[in-house]
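> quick one, structure for this:
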Amino acid sequence: MRSHARQIGFTLIELIIVIAIIGILAAVAIPRFIDLSSSAQSAATSGVAGALSSANASNYAARKLSSSLGVAVANCTDVANALQGGLPSGYTITSAAVAADATVTCTLTGPSSSTATFTATGVA
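Residues are numbered from 1 along each chain as shown. All right, here's what the predicted structure looks like:
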């Protein structure tokens with residue numbers, strides 16, 4: 001009796017089909033990831049706007065507790081002073097007056113002209 005050794009492996013056709021499928025997937029996926037830098041910048045601007053809104057809320061509470069705590073907020077730009085470490089470079093806040101105990105929506109502009117909004121509550 002003669003035994004035949006069975007070969008284990010892939011045929012050339014199977015390899016070509018797998019490479020073709022990987023190529024098609026890459027052609028579909030690559031365009032989705034090309035523009036990640038603008039999405040990342042927009043997300044970063046939204047993150048800084050959220051930090052400004054949070055800093056303003058904490059500042060308002062501290063300032064209401066005692067006028068020696070926190071900073072006075074009479075303009076949207078004053079909220080940057082309440083943010084620990086200050087406003088990151090490359091970001092600007094559109095100036096708008098904020099009356100005491102009133103809340104307004106302020107606009108933050110980041111690098112690459114990405115914008116986001118945050119709330120500012122005035123406090124003396």
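
> from residue 50, how far off is the residue nearest the centre of the chain?
Against the mean C-alpha coordinate of the chain, by CA atoms, centre = their mean, the closest residue is residue 43 at 2.1 Å. Residue 43 sits at a distance of 10 Å from residue 50 (criterion: CB to CB, to the nearest Å). Glycine gets a C-beta too; all of them are placed from N, C-alpha and C.

> same question for residue 81.
From residue 81 to residue 50 the distance is 17 Å (CB to CB).

> follow-up on the earlier one: who are the contact partners of the residue nearest to the centre of the chain?
By CB atoms under 8 Å, 6 or more residues apart in numbering, no residues touch residue 43.

> just say helix, strand or coil for it.
Three-state call for residue 43 (DSSP: H, G, I helix; E, B strand; the rest coil): helix.

> and it, what pLDDT?
In this model, residue 43 is scored at 94, pLDDT.

> before we move on, what about the one 10 residues further on?
The pLDDT attached to residue 53 in the predicted structure is 95.

> and it, what helix or strand is that in?
Element membership of residue 53, judged by DSSP states H and E, is helix 36-65.

> which ones are touching residue 81?
residue 71.

> re earlier: buried sites along the helix or strand that the helix holding residue 53 is followed by?
Next helix or strand after helix 36-65 toward the C-terminus (DSSP H and E): helix 79-82. Using 16 or more other CB atoms under 10 Å as the burial criterion, the residues of helix 79-82 that qualify are 79-80, 82.

> check stretch 104-121 too.
Under 16+ other CB under 10 Å, the buried positions of stretch 104-121 are 106, 108, 110, 114, 116, 118-121.
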